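Q: Quick check, what structure comes out for this input:
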Amino acid sequence: MVPGVSYLSRLSAAAGYTGVAGGSLVLMGWLLRLPGLVAINPVLGTMTPETAFCFVLTGAALLLARPESTPSWKHRLAKISAGLVILKSLLTLIETWPGWSLSIDQLLFKGSVSKIFPGRMPAATALTLLFVGLAVVLLDTQARRPRPSELLALAAVLTVLLALIGYGYGYVSVFLLPIRRPLAFHTLLLMLVLSFGILVARPGQGLMGLALSESSGGVMVRRLLPAALAIPILVGWLVVEGQRAGLYSNVLSLAYFALSIIVVFGALIWVTAGSLHDMDNRRRQAEAEIHTLNEQLEHRVLERTAQLEAANNELEAFSYSVSHDLRAPLRHIAGFIALLERHAANSLDDQSKRFISIIESSSREMGHLIDDLLAFSKMARVGMMASVVDLRCLVQQVIGELEQSTKEGRPTWIIRDLLSVEGDPAMLRLALVNLISNAVKFTQGRSERRIEIGSTDTEHEIVFYVRDNGVGFDMQYAHKLFGVFQRLHSNQEFEGTGIGLATVRRIIHRHGGRTWAEGEPGKGATFYCSLPKGGQSHGPS
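A: A predicted model of the protein is given here:
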């Protein structure tokens, strides 16, 4: 199982704590003159106090620079700590050249202490600390792959591995630098831990992001990289031991080493290639299955869409036919009622006249309902003529017409900013007529009638609204407002057919927009309509 990002982030923190703790223990050994803390074994070398102090600074910088430490001051402090490590490393490298002596190795401990544990930081240690310090400073410097901090951390790892291989093969020092003093064994271990902590400090980026991925490249890295590190070291050690045992000459040792590497890596690559080939076959099979399922789903969607369109067309045709056919008998009813009134007016009593009046008003109401149904049916059939529509001009025309037919006192009109939109002028005019007349109707009986009309501009759409201070409604019934024949008030309270808002929704939907409403009983209502920018529209619906 591949370690997760959070797991590697915790390992990076553990590496930082290890660097601080290890460096502090060695400094304590120098302070209290405890050779067991300064050198694990005299043969394995001694860690200088300057090296230990650099480990403390590097570990602290790694902890401060972790992604969880978001405050910028922590990142600045981490760079300052790493900068001190870089400065110390550079000064030590300068001292390695003949004639240069800055005595910086005596800054922490002088006199008798330095005589008991003589020596300055090895040049190889200074070079590796320079890589590590620069890696911390450049930890957040972005690059495609690999990142600069990863390259520097890998350079430090390779330097440490070279020294560890030298220890394993029995060589005191394998470096060709001036003052070829061997690196202390615990110095190498702490350096390896800190370098690994830097590599995994940003586990989702760069080389670590590739190693954690589930792609073929990630699988190959996880399988081949550990082998690339372990197998050459192990084979080299076996070849050196065979040479020392006299099993073959020095010349043959290189041939055996090369042959062993070829065989082992050839087998490993063969096995990995087979696994990747199987993964690729499974991926292709899964893609083929997904493609087949997508084709089947697309075919089903087309079938369902065709069935739905056919059902809608049949429903629209039925609604239009019924509405149209009802007009003729309704005209007959109205005509014969008028004839009955003229011929039998003197012989009808008051109750009979009231019955006739009710029939007349009911027939008129039914006529209005049929007209609205016809208009609602035609709305799905008529084609759209899109153009730029000035909402302010359209609103003023509608208000002017409504004021002429308003029986009660005229409302107070509040016209806010009204933007131009793209749509069918006739349809949008009908939508505004229904919205504004709805506001006029439901503000009747108010001592102060106030209707506000405006629009707002958002990133993807323009929203216009009509707000009134009328009777309002309960929001739990808001979903019924835009349905056909859905009414929240009785006909005795407010006249209407229950089709006006449904017509508004159909018009706005054909323009690709949305409709919704907000209200509160006794405190008015606001109806919103949105129109997308760019003139997007739907077909008949």
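
Q: Give me the most central residue, this protein.
A: Nearest residue to the geometric centre of the chain (CA atoms, centre = their mean): G204, 15.3 Å.

Q: Is that one in a helix, a strand, or coil?
A: Using DSSP: H, G, I helix; E, B strand; the rest coil, the secondary structure recorded for G204 is coil.

Q: Run through the helices of the stretch 201-350 of the chain in chain order.
A: Secondary structure of the stretch 201-350 of the chain (DSSP state H, counting those that start in this stretch): helices located at 206-212, 216-244, 250-343, 350-381.

Q: quick one, which of those is nearest to L32?
A: Across those, the minimum distance to L32, taken as CB to CB, is reached by helix 216-244, at 36.6 Å. C-beta coordinates here come from the backbone N, C-alpha and C atoms, glycine included.

Q: So which bits of the closest one are buried?
A: Of the residues in helix 216-244, those buried by neighbour count under the rule 16 or more other CB atoms under 10 Å are V219, M220, V221, R222, R223, I231, P232, V235, G236, V239, V240, Q243.

Q: residues contacting the closest residue to the first one other than its chain neighbours?
A: Leaving aside its chain neighbours, V219 sits nearest to L276 (6.5 Å; criterion: CB to CB, 6 or more residues apart in numbering). Shown in contact with L276 (CB atoms under 8 Å, 6 or more residues apart in numbering): S216, V219, M220.

Q: related to what we said a few turns ago, let's have the buried residues of helix 216-244 in JSON lines, adding pLDDT and distance to I86.
A: Listed next are the buried residues of helix 216-244 as JSON lines, based on pLDDT from 0 to 100; distance: CB to CB, whole Å:
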{"residue": "V219", "pLDDT": "71", "distance to I86": "37"}
{"residue": "M220", "pLDDT": "72", "distance to I86": "35"}
{"residue": "V221", "pLDDT": "73", "distance to I86": "30"}
{"residue": "R222", "pLDDT": "74", "distance to I86": "33"}
{"residue": "R223", "pLDDT": "72", "distance to I86": "36"}
{"residue": "I231", "pLDDT": "76", "distance to I86": "34"}
{"residue": "P232", "pLDDT": "77", "distance to I86": "31"}
{"residue": "V235", "pLDDT": "77", "distance to I86": "37"}
{"residue": "G236", "pLDDT": "77", "distance to I86": "33"}
{"residue": "V239", "pLDDT": "76", "distance to I86": "38"}
{"residue": "V240", "pLDDT": "76", "distance to I86": "36"}
{"residue": "Q243", "pLDDT": "73", "distance to I86": "41"}
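
Q: if we take the residues you listed, which one ends up nearest to D474?
A: Within the buried residues of helix 216-244, distances to D474 taken as CB to CB reach their minimum at V219, with 60.0 Å.

Q: so what's the closest one up against?
A: Going by CB under 8 Å, 6+ apart, V219 touches T272, S275, L276, M279.

Q: Determine the number of other residues adjacent to V271.
A: By other CB atoms under 10 Å, 11 other residues sit near V271.

Q: what do you get for the one 3 residues further on?
A: Counted with other CB under 10 Å, the burial measure for G274 works out to 10 neighbours.

Q: and if you look at V137?
A: So V137, with other CB under 10 Å, has 22 neighbours.

Q: which residue packs closest to it, ignoring adjacent ones?
A: Spatially, and ignoring its direct neighbours in sequence, V137 is nearest to A82 (4.9 Å; CB to CB, 6+ apart).

Q: What about the one you found, how many residues nearby?
A: Neighbourhood size, A82 [other CB under 10 Å]: 27.

Q: in the stretch 401-541 of the chain, which spans are helices?
A: If you assign secondary structure with DSSP H, counting those that start in this stretch, the helices in the stretch 401-541 of the chain sit at 425-442, 500-510.

Q: Tell me which of those helices sits nearest to L161.
A: Set against L161 and scored by CB to CB, these come closest in helix 500-510, at 68.5 Å.

Q: Distance to A258 added to the buried residues of helix 216-244, as TSV?
A: Compiled in TSV, those are given as follows (distance: CB to CB, whole Å):
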residue	distance to A258
V219	27
M220	23
V221	24
R222	26
R223	22
I231	13
P232	11
V235	10
G236	11
V239	10
V240	14
Q243	14
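
Q: which one of the contacts of L276 is nearest L297?
A: Within these, proximity to L297 (CB to CB) peaks at S216, which comes in at 28.6 Å.

Q: so E518 sits right up against T526, yeah?
A: Yes. Taking contacts as CB atoms under 8 Å, E518 lies within contact range of T526: 4.9 Å.

Q: that older thread, what separates the residue nearest to the centre of the chain from V398, distance-wise?
A: The gap separating G204 from V398 is 58 Å, by CB to CB, to the nearest Å.

Q: again with A201
A: Counting by CB to CB, the gap between A201 and V398 amounts to 65 Å.

Q: can you check L501 too?
A: With the distance defined as CB to CB, L501 ends up 16 Å from V398.

Q: Same question for K74.
A: In terms of CB to CB, K74 sits 62 Å off from V398.

Q: before we move on, the earlier item: mean pLDDT added to the helices of the stretch 401-541 of the chain, as TSV?
A: Shown next, in TSV, are these (pLDDT from 0 to 100):
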stretch	mean pLDDT
helix 425-442	85
helix 500-510	83
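
Q: Among those helices, which comes closest to A227?
A: Taking CB to CB as the criterion, helix 500-510 is the member of those that comes nearest to A227, at 62.7 Å.

Q: Please state the offset of that closest one from the chain centre?
A: Between the centre of helix 500-510 and the centre of its chain there are 35 Å (CA atoms, centre = their mean, to the nearest Å).

Q: With stretch 457-476 instead?
A: Here the centre of stretch 457-476 is set off from its chain's centre by 31 Å, with CA atoms, centre = their mean.

Q: looking at the chain, which helix or strand is least sure?
A: Of all the helices and strands that make up the chain, the one with the lowest confidence by mean pLDDT, DSSP states H and E is helix 112-116; it has a mean of 37.

Q: and the helix or strand following that one, what does it pack onto?
A: Later in the chain than helix 112-116, the nearest helix or strand by DSSP states H and E is helix 123-137. Applying 3 or more CB pairs under 8 Å, 6 or more residues apart in numbering; DSSP states H and E, we find helix 123-137 packed against helix 49-64, helix 72-95, helix 148-169, helix 185-199.

Q: can you state the direction angle for the last one and helix 49-64?
A: On the basis of axes from the mean of the first three to the mean of the last three CA atoms, to 10 degrees, helix 185-199 is oriented at 20 degrees to helix 49-64.

Q: what helices or strands is helix 185-199 leaning on?
A: Using 3+ CB pairs under 8 Å, 6+ apart as the test, helix 185-199 ends up in contact with helix 5-32, helix 49-64, helix 123-137, helix 148-169.
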